[in-house]
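J.: Have a look; sequence and predicted model below, questions after that.
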Amino acid sequence: MAVSYRDLGFVNTKAMFSAAVKGGFAVPAYNFNNMEQLQAIVTGCLESQSPVILQVSKGARDYADQTLLRYMGQGVIEMMKRMAKEKGLGEIPITMHLDHGDSYETCVSCIESGFSSVMIDGSHHPYEQNVELTRKVVEYAHKYDVTVEGELGILAGVEDDVKAEHHTYTQPEEVQDFVAKTGVDSLAIAIGTSHGAYKFKPGQKVEIRLDILHEIEKKLPGFPIVLHGSSSVPQDAVEMINKYGGKLKDSVGIPENQLREAAKSAVCKINIDSDGRLVMTAKIREVFAAKPEEFDPRKYLGPARDALKNLYIAKNKNVLGSAGKSAEIMALLKK
Ligand code: G3H
Ligand code: 13P
Ligand code: ZN
């Protein structure tokens, strides 16, 4: 093993998910690509005392470079410890997770560089191939106590460079067999969410299939379910982007009350990336419009980082229900 996640200070998702199942909340899984996003996530979750899953996509790994990510990983734990002490707060559990792992090799490489959790996304393969690939990743990951997320069903839109015109909803009849054969620790499902800022078309009913979620919950009582594509696309951010020269048309997301409902039931992890991108872009555009003479990156990335932090605090408190839940998870981890 090159680096163990434990040496870096990360935790796997087991304690987080067991608390989330019992407590009717979901752990936020926020994507990041750069330092400011990472700082906003960690400070926002620390201030709201929420557990957090830091998500790195394959694209983020290519963009930020693997070695840089490892340093960022180490740095983030140091930052969290220092800030917790200064503010008189308890530390929070942090998972470093590979989002949409596309192959066995990518998962192994992430585990070797200190990730505490990986997703193997075999959802575009035929069922038996998905089972086989996922099982192989689980077999390797569990040797190092790294947790694994699998996926059944296909989200509409672009996912892993594959474009799907329609949702292929997860079939509740398949979930027991998939979990038993693969040994996954959590399961991502397709119930009408989708990636990006254009989830619904104008005039379309804005509703996710909570009925399918409840069917799945009956088949797998107490098993952690994951929702991808769960940005709500805040309209104030979209309006600000368009006001200052952007061109986002008909951007519609998942209503926050529907995500709250999902979090109260079997959904233990909610993936949010696009909302952060929108808020960051809106703030940067606003600064550029108000101060066209500005060219110091700290002067526009700093305000963007503050806006992002506020977004994450609000999500944790009002949508995921994860605010204030970190102490009980830290206690579980010490047992
Ligand atoms: O599910 C996809 C995430 O939003 C990551 O997106 O592949 O552009 O980094 P990305
Ligand atoms: P959004 O595009 O809705 O933020 O979804 C992110 C995601 O699912 C990351 O895996
Ligand atoms: Zn996703």
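T.: Looks like it came in fine. Note that the structure is a prediction, hence the values are computed from the model and not measured. Ligands and ions are numbered 1, 2, ... in the order given.
J.: Up against ligand 2, what does the stretch 101-250 of the chain have?
T.: Neighbours of ligand 2 within the stretch 101-250 of the chain, by C-beta under 6 Å from any ligand atom: 195, 196, 228, 229, 230, 231. (Glycine included, C-beta is placed from N, CA and C.)
J.: For the fourth one, which non-adjacent residue is closest in space?
T.: The shortest distance from residue 229 to any residue that is not its chain neighbour, by C-beta to C-beta, 6 or more residues apart in numbering, is 3.8 Å, and that residue is residue 193.
J.: circling back: could you provide the residues of the stretch 101-250 of the chain next to ligand 2 in CSV, with additional columns for pLDDT, distance to residue 51 and secondary structure?
T.: Formatted as CSV, those follow (pLDDT from 0 to 100; distance: C-beta to C-beta, whole Å; DSSP: H, G, I helix; E, B strand; the rest coil):
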residue, pLDDT, distance to residue 51, secondary structure
195, 96, 23, coil
196, 96, 26, coil
228, 98, 18, coil
229, 98, 21, coil
230, 98, 17, coil
231, 98, 20, coil
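J.: near ligand 3, which of those residues show up?
T.: With the criterion set as C-beta under 5 Å from the ion, the members of those near ligand 3 are residue 228.
J.: Pull out the buried members of the residues of the stretch 101-250 of the chain next to ligand 2.
T.: For these, a neighbour count by 16 or more other C-beta atoms under 10 Å gives the buried set as 195, 196, 228, 229, 230, 231.
J.: roughly how far apart are the first one and residue 210?
T.: Going back to what we said before, that points to residue 195. Note on residue 195: its distance to residue 210, by C-beta to C-beta, to the nearest Å, is 19 Å.
J.: any idea which of the buried ones among the residues of the stretch 101-250 of the chain next to ligand 2 is the one closest to ligand 1?
T.: Within those, proximity to ligand 1 (C-beta to the nearest ligand atom) peaks at residue 195, which comes in at 4.8 Å.
J.: can you pull the contacts of that closest one?
T.: Contacts here follow C-beta atoms under 8 Å, 6 or more residues apart in numbering; on that basis residue 195 touches 155, 157, 158, 159, 228, 229, 273, 274.
J.: Secondary structure class of the residue of the chain positioned farthest from its centre, three-state.
T.: If you look at how far each residue of the chain sits from its centre, by C-alpha atoms, centre = their mean, the farthest one is residue 293, at 35.9 Å. Reducing the assignment to helix, strand or coil with DSSP: H, G, I helix; E, B strand; the rest coil, the entry for residue 293 is coil.
J.: all numbers from here: first residue = 46
T.: Sounds good: first residue 46 from here, last item residue 338.
J.: Mind pulling up the pLDDT for it?
T.: On the pLDDT scale, residue 338 is placed at 98.
J.: got the phi/psi numbers for it?
T.: phi -80, psi -10 (degrees, to the nearest 10).
J.: follow-up on the earlier one: columns distance to ligand 1 on top of the residues of the stretch 146-295 of the chain next to ligand 2, output as a markdown table?
T.: As requested, those are arranged in a markdown table below (distance: C-beta to the nearest ligand atom, whole Å):
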| residue | distance to ligand 1 |
| --- | --- |
| 240 | 5 |
| 241 | 8 |
| 273 | 6 |
| 274 | 7 |
| 275 | 10 |
| 276 | 8 |
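J.: Of the residues of the stretch 146-295 of the chain next to ligand 2, which is the nearest to residue 155?
T.: residue 273 (17.9 Å; C-beta to C-beta).
J.: pretty sure the closest one contacts residue 241?
T.: No - with contact defined as C-beta atoms under 8 Å, residue 273 does not count as touching residue 241 (11.0 Å).
J.: Could you report the neighbour count for residue 120?
T.: By the other C-beta atoms under 10 Å criterion, the neighbourhood of residue 120 contains 15 residues.
J.: Nearest spatial neighbour of residue 321, chain-adjacent residues omitted?
T.: Looking at residue 321 with C-beta to C-beta, 6+ apart, the closest residue is residue 353, at 5.7 Å.
J.: Against residue 100, how distant is that neighbour?
T.: With the distance defined as C-beta to C-beta, residue 353 ends up 14 Å from residue 100.
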